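Novice: Give me a model of this one.
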Amino acid sequence: MTEQVNSEQAYYIYQCLKPSCRFRFPGNQNDSSDRVCPKCGSPMQKISWLPPASQEFTKNRNEQHIEILLDNIRSVFNVGSIFRTADGAGVDHIHLCGITPTPDHPKIQKTALGAQLVLPWTQHWNSLEVIDHKKREGYQIWCLEGGQGSVPIFEPLQQLNALPLLLVLGSETTGIDPDLRKQCDYLVNLPMLGIKESLNVATAFGIAVYMIRFYPQRSNVDTFSSAS
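Specialist: Next up is the predicted model:
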């Protein structure tokens, strides 16, 4: 293939030319163009594409101020993943409480992929003190957890207002501190339709934060709908 491409942006695919195989997988700019299929040994075709120009997505994005509190999250990989997702969703700050590892831990960078370097965060030894401070500042407190008293996240989203919001996530094994749960304005969950009762904390966070970020604030519902 003779097409000239920008090697830093191009996407490379190899596809086996044998009709009964057609094994297909991604490659990179340094791969040999005459490599053989690792599955059947036949010649392969190297295909290159240039991605379309990226455009910043702002349509229907509300300006909700969102902060996250991680209460005794154990896994560095969960914390790193949450940092990466939080950066993508435009989270303003992350509070790391109790035993939650901080970005100083070298393994966090494996899943945060640099987000830990740009997203503001602070470490606190006691999450209740953070909640008390945020409530006095006028924040609405949402705890993401199932159990008694918890409602599907869709319900409070319908009353989402412009007040800053603190979303709380708890330990993978013990959940959110019961005293902290008492301080929340909403205890919310993601409905589960299968045999499992909950999702991985980082996965659940990603779903919840994007729902909050792109849900219209009540004062802006008409604007949001007309822009769709």
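Novice: center of this protein, which residue is that?
Specialist: Nearest residue to the geometric centre of the chain (CA atoms, centre = their mean): T85, 2.6 Å.
Novice: so that residue makes contact with F205?
Specialist: Yes - T85 is within contact range of F205, at 6.3 Å (criterion: CB atoms under 8 Å). In this view, the C-beta of every residue, glycine as well, is placed from N, C-alpha and C.
Novice: Leaving out the residues flanking it, which one is nearest to the residue nearest to the centre of the chain?
Specialist: G206 (4.4 Å; CB to CB, 6 or more residues apart in numbering).
Novice: contact partners of the helix or strand hosting the one you found?
Specialist: Using DSSP states H and E, G206 maps to helix 201-214. Helix 201-214 is contacted by residues 60-62, 64, 66, 68, 73, 77-78, 81-82, 85-86, 89-91, 144, 153, 157, 160, 165, 167, 169-170, 172, 188, 190, 198-199 when judged by CB atoms under 8 Å, 6 or more residues apart in numbering.
Novice: cutoff 6 Å now
Specialist: 60, 78, 81-82, 85, 89, 144, 153, 169, 172, 190 (CB atoms under 6 Å, 6 or more residues apart in numbering).
Novice: Mind splitting this protein into its structural domains?
Specialist: 11-49, 66-218 (automatic domain parsing).
Novice: Pick the most buried one from the ones you listed.
Specialist: domain 66-218 (a mean of 17; mean count of other CB atoms under 10 Å).
Novice: looking at it, T111 is touching N78, isn't it?
Specialist: No - if you go by CB atoms under 6 Å, T111 and N78 don't touch, sitting 8.0 Å apart.
Novice: taking the mean pLDDT, what do you get for the helix holding G206?
Specialist: In this model, helix 201-214 carries a mean pLDDT of 93.
Novice: Neighbours of E63, how many?
Specialist: Using other CB atoms under 10 Å, E63 has 10 other residues around it.
Novice: Distance check, it against A86.
Specialist: 16 Å (CB to CB, to the nearest Å).
Novice: Same check on V76?
Specialist: Distance, V76 to A86, by CB to CB: 15 Å.
Novice: Now tell me which helix or strand of the protein has the poorest mean pLDDT.
Specialist: Ranking every helix and strand in the chain by mean pLDDT, DSSP states H and E puts helix 221-227 at the bottom, with a mean of 37.
Novice: Please consider this matter closed, and thank you.
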